[in-house]
Structures are given as structure tokens and as C-alpha cells.
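A.B. asks: kindly generate the corresponding structure for this input.
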Amino acid sequence: MSPRRRRPTTTRRFPVRRRTRRRGRRQRANDQLVGLLVVAVPAVAVVLAVVNWLMVHWWVLIAIGFLAVLAGGVWLHQKQQRARWEAVRTQSLRYGLPQLDSLHHTRFEDAVRELMHRDGCQDAVRVGGAGDLGADVKATDPYGRSWVIQCKHRRNGLAGSAVGTPDLQVLNGTARQVHGADIAVIVTNGRVTAPAVTFAKQQRLHVVDDTLGTWASGSRPLWELLRAVPPSRKPTSLS
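C.D. replies: I've put the predicted structure just below:
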């Protein structure tokens, strides 16, 4: 009988991946710490040197403070000057009908917004565009009343197509219910049909067509040119 062969003994090897990963993480953390120290130490040294220098040359701080105050005063003066010029420009804003006729319809909406701002509606904003739900300009007058204005620009002015009842029906359906308007207005440089005018009176809507020239070229606010506007919502200096 042949002697039984012994199986070679094998030594069990344990995985070293985890130990290797831990060593790698520690090495990266150490590298980051060393990097921070390399950056922080010179930075602290520079700061201390600057502080020491300023303690010796204290007059530099006074000069910097003086220049900062001077720059702030110049900036405030320029801001006040721009506000004065804006007030003058707004108060002197005028449009003639030929000028309004020549505008693009979006620029016509801007002109209406600017006129409302001239009249004292500081928050006047143009919101016209896709999905505006009948509101091209919204504003709050000095008496606290909310205005919703729909603009209908006609390139040919009075010779263009007339504004009809459907346009006013859109305004009537959204101005108060959706936008919360106290005063709903349709402004056009063109014509408005007779049925549309009748509908506007029935629904307490205001039509600015013939009145547009007087309003745009004058200095009276729109609410002084319209009939039967709601009373003031709050007491103001203009009440």
C-alpha cells in the first residue's frame, strides 16, 4: 500500500481591503490638515503684521474712515439727485396722440404705466403679455384704490379696427374677480363701438378713448377725467 499523501497545509489570508481603505482615508485627512496649516500659518502671520503696522501708523485708519464717509456722502447725494431728476421727468411727462399711435403695442402699455406713475401711482407696473387675464397695467392711486387697465393699441389710430364688446367682456370678467380692481379701465388710441360703450356703462367699466389725448398731453390725473369713480379707500394728504 502506498503511503497516504498529506494535503499541503494552506495558510488562511484575511482580506486587507478595509485596513488599506482606512489608511488611505487617514492619509488624505492628514494631507488636508497639513495643507490647511500651510495656508493658515502665513495668513495669520500676514494679519498680525498688518495689525501691528496699523497700530504704529494709526493715522491710516483715520484716513480710510474719512474716505469711506466721503464716498458714502457722494453716493447718497447722487441717489437723491437721481430721485429729484426722476420726479421732474415724471411730472413733466407728456405724450401726443401721433406719438402714441406710432408706438409698438408693448411700448404703448409702458406709456400708460408711465402716465399712471406720473399721476402718483408709485407701484404702477406693466403686467401685459401671455396669460395676463385682461390686465396690462396695474396700479394703486394715492387714495388707495386699485386700478386694472387693459390697453388696446391700434397702429392706425382712429382709422384702425374698433374695440368691441368682447374686449370689454374679458376685462369685466377678470378685473374685479381675479385682480381685485376697484376701477377697471380700457385704454385705446382707437375707436370703441357704441355697443361696447353701452356695455361699459352697464358694468361700471371706464373707457378712455377720446379722453386719452387730454390725459396723455396734460397734467391732470386720470381719475379727475373719469366719471363716477369710487370714493377714496383711505384718508391721504390729497383727500
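A.B. asks: going by C-alpha atoms from here, please, whenever you check contacts or count neighbours.
C.D. replies: Will do.
A.B. asks: next SSE downstream of the helix-or-strand element of the chain with minimal mean pLDDT?
C.D. replies: Within the chain, confidence by mean pLDDT, DSSP states H and E is lowest for helix 59-91 among all helices and strands, at a mean of 70. Reading on from helix 59-91 to the C-terminus, the next helix or strand found by DSSP states H and E is helix 97-101.
A.B. asks: on contacts alone, who are the packing partners of that following helix?
C.D. replies: Taking 3 or more CA pairs under 8 Å, 6 or more residues apart in numbering; DSSP states H and E as contact, the helices and strands that helix 97-101 lies on are helix 211-217.
A.B. asks: contacting residues for the residue positioned nearest the centre of the chain?
C.D. replies: Ranked by distance to the mean C-alpha position of the chain (CA atoms, centre = their mean), the top residue is Val125 at 9.3 Å. Taking CA atoms under 8 Å, 6 or more residues apart in numbering as the contact definition, Val125 lies against 113, 137-139.
A.B. asks: can you check which helix is longest in this structure?
C.D. replies: Scanning the chain for the helix with the most residues, using DSSP state H, yields helix 17-56.
A.B. asks: possible to save the contacts of Val125 as TSV with secondary structure?
C.D. replies: Formatted as TSV, the entries for these read as follows, by DSSP: H, G, I helix; E, B strand; the rest coil:
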residue	secondary structure
Arg113	helix
Val137	strand
Lys138	strand
Ala139	strand
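A.B. asks: which among these gets closest to Val148?
C.D. replies: Lys138 (4.8 Å; CA to CA).
A.B. asks: what kind of secondary structure is the spatially closest residue to that closest one that is not a sequence neighbour in?
C.D. replies: If you skip the residues right next to it in sequence, Lys138 has Val148 as its closest partner in space, 4.8 Å away by CA to CA, 6 or more residues apart in numbering. Assigned state for Val148: strand (three-state reduction, three-state DSSP).
A.B. asks: so Val148 sits against Val178, correct?
C.D. replies: No - under the contact definition of CA atoms under 8 Å, Val148 does not touch Val178, with a separation of 10.4 Å.
A.B. asks: in the sheet, who's paired with the residue nearest to the centre of the chain?
C.D. replies: Beta-bridge pairing of Val125, defined through DSSP bridges, involves Lys138.
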